[in-house]
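A.B. asks: below: sequence and its predicted model.
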Amino acid sequence: MNRTRSVAAFELAQRLMPGGVNSPARAFGAVGGSPVFIDRAEGAYLYDIDGNRYVDYIGSWGPMILGHGHPEVVAAVERALHRGTSFGAPTEAESELAARIIDAVPSIEKVRLVSSGTEATMSAIRLARGYTSRDCLVKFAGNYHGHVDSLLVAAGSSAATLGAPNSPGVTVGSSSDTLVLQYNDVEHLEDAFAAHGDRIAAVILEPVVGNMGVVVPTPEFVAAANRLARQHGTLLICDEVMTGFRVAFGGAQSLLGIEPDLTTLGKIVGGGLPVGAYGGRAEIMNHVLPAGKVFQAGTLSGNPLATAAGCATLRLLKEQPPYERLERLSARLADGLQRAAEEAGVPHTLARVGSMMTLFFHPGPIQSWREASQCDVQRFARFFWGLLDRGHYLPCSQFEALFVSAAHSEADIDATAAAAAEAFRA
Ligand code: KE4
């Protein structure tokens, strides 16, 4: 494929912005080579600035569940655009989006809109600490919750060892209250609560992990998280930024029996525009300023264009649920990818929940970062480029989920499966 304009654009971008991108995941660091610069997108397709078309499985890292440029989402944003782009004053559209989120997620009685998933998780953590008057936080290796200082933490040597910064600029002080445990490790979680239970403000987890590749929690792990949080007065924060409205209209918590005190959302709730949200029981949320004393604010929170895209998207997901179609298309893609890997004799395992999935270059099973980190990332990179050069755009890292949208067709799925078989044979 000719990508000369993307290569030139990347050279210029690197002179202007750190690494030439505004979010590191886009820089192709995990797969090598020069990233593709996008000109436009429509339905299930991305078009780069060299005129190449790709079947899109990034979906903007999750938001584009309806596909790109859904006419009703575009029309809603256009209507909002002509009424004004930002007011710094309340609007009814914010109440509509809040009501739609509350309607969809039973554990949410009140919700605060922000402008990114990171803002949502950062605010939920501050709220949990303010509500419990505790400092300690539990997260899990391989779970990503945005670039929050207290979450940019390397795992301690044992379940009871508090974390250390894993990024320059993150202070020991902001990471020393964070415990990093292994996902799906009940014993690790029990040990942590035994050592620190009365200090733990919150446990935050991805209810279906997308950020080490797709990893599903075991029923025992879910039960332990629910039980231990209740026993110790700790808040359970379900980070559904990726899974919210993705794996089901009510999110992963509606599928897995997780009982969160707080839920964070992002991506799909903005329909591709910047919206994040955090919500939960009213008696917790009423601690947030100005109802309560936990500070959180944002100039563009509840922005009219973003809430218009979010409301249109959630309306369509409720009125014309795509989930059965997404399940059929995603199962077809999973079968095609697995068949291609099997025929090529490549060690692999595929994990899928609804329309998010990961083909791991590892024999599996993969239940935590311990196993995920053993994947053959070089083999993944060759597979990624083999597909990209054939016009199929997977997320550019082994440790991400690919997403199928309602705009994908069976022909798209079958073409991707055929391209995968060719890429494995190349
Ligand atoms: P944002 O701040 O990027 O909107 O959301 C952070 C976040 C929080 N929680 C979960 C479960 C997430 O997946 C994310 C962001 N996801 C990544 C992709 N895995 C976004 C891509 C990027 O960083 O560019």
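C.D. replies: Perfect, thanks for sending it.

A.B. asks: list the contacts of the residue lying closest to A164 once chain neighbours are set aside.
C.D. replies: If you skip the residues right next to it in sequence, A164 has A154 as its closest partner in space, 5.3 Å away by Cβ to Cβ, 6 or more residues apart in numbering. Every residue, glycine included, has its C-beta placed from N, CA and C. Taking Cβ atoms under 8 Å, 6 or more residues apart in numbering, we find A154 in contact with 163-166, 180.

A.B. asks: is it true that V36 touches S6?
C.D. replies: Yes: the criterion here is Cβ atoms under 8 Å, and V36 meets it with S6 at 5.2 Å.

A.B. asks: tell me, what's touching those two both at once?
C.D. replies: Common neighbours of V36 and S6, counting by Cβ under 8 Å, 6+ apart, are D48.

A.B. asks: could you dump the contacts of A154 to JSON lines with neighbour count, distance to L402 and secondary structure?
C.D. replies: Conversion of these to JSON lines gives the following (neighbours: other Cβ atoms under 10 Å; distance: Cβ to Cβ, whole Å; DSSP: H, G, I helix; E, B strand; the rest coil):
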{"residue": "G163", "neighbour count": "24", "distance to L402": "30", "secondary structure": "coil"}
{"residue": "A164", "neighbour count": "16", "distance to L402": "32", "secondary structure": "strand"}
{"residue": "P165", "neighbour count": "19", "distance to L402": "31", "secondary structure": "strand"}
{"residue": "N166", "neighbour count": "13", "distance to L402": "26", "secondary structure": "coil"}
{"residue": "V180", "neighbour count": "26", "distance to L402": "26", "secondary structure": "strand"}
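
A.B. asks: these: which two are farthest apart?
C.D. replies: P165 and V180 (11.5 Å; Cβ to Cβ).

A.B. asks: intersection of neighbour lists for the two?
C.D. replies: With Cβ under 8 Å, 6+ apart as the test, P165 and V180 both reach 153-154.

A.B. asks: returning to what we had before: who's more crowded, V36 and S6?
C.D. replies: Each of V36 and S6 has its neighbours counted (other Cβ atoms under 10 Å); V36 has more, 25 against 22.

A.B. asks: list the contacts of that one.
C.D. replies: Applying Cβ under 8 Å, 6+ apart, we find V36 in contact with 3, 6, 46, 48, 52, 54, 388, 393.

A.B. asks: what about the second one, distance to G391?
C.D. replies: Taking Cβ to Cβ, to the nearest Å as the criterion, S6 is separated from G391 by 14 Å.

A.B. asks: neighbours of the residue of the chain found nearest the ligand, just the number please.
C.D. replies: Closest residue of the chain to the ligand, Cβ to the nearest ligand atom: G117 (2.3 Å). Neighbours of G117 under the rule other Cβ under 10 Å: 31.

A.B. asks: would you map the strands across the stretch 101-250 of the chain?
C.D. replies: 110-114, 136-140, 153-154, 164-165, 178-181, 200-205, 235-239 (DSSP state E, counting those that start in this stretch).

A.B. asks: what's the fourth one packed up against?
C.D. replies: Counting contacts by 3 or more Cβ pairs under 8 Å, 6 or more residues apart in numbering; DSSP states H and E, strand 164-165 is packed against strand 153-154, helix 172-175.
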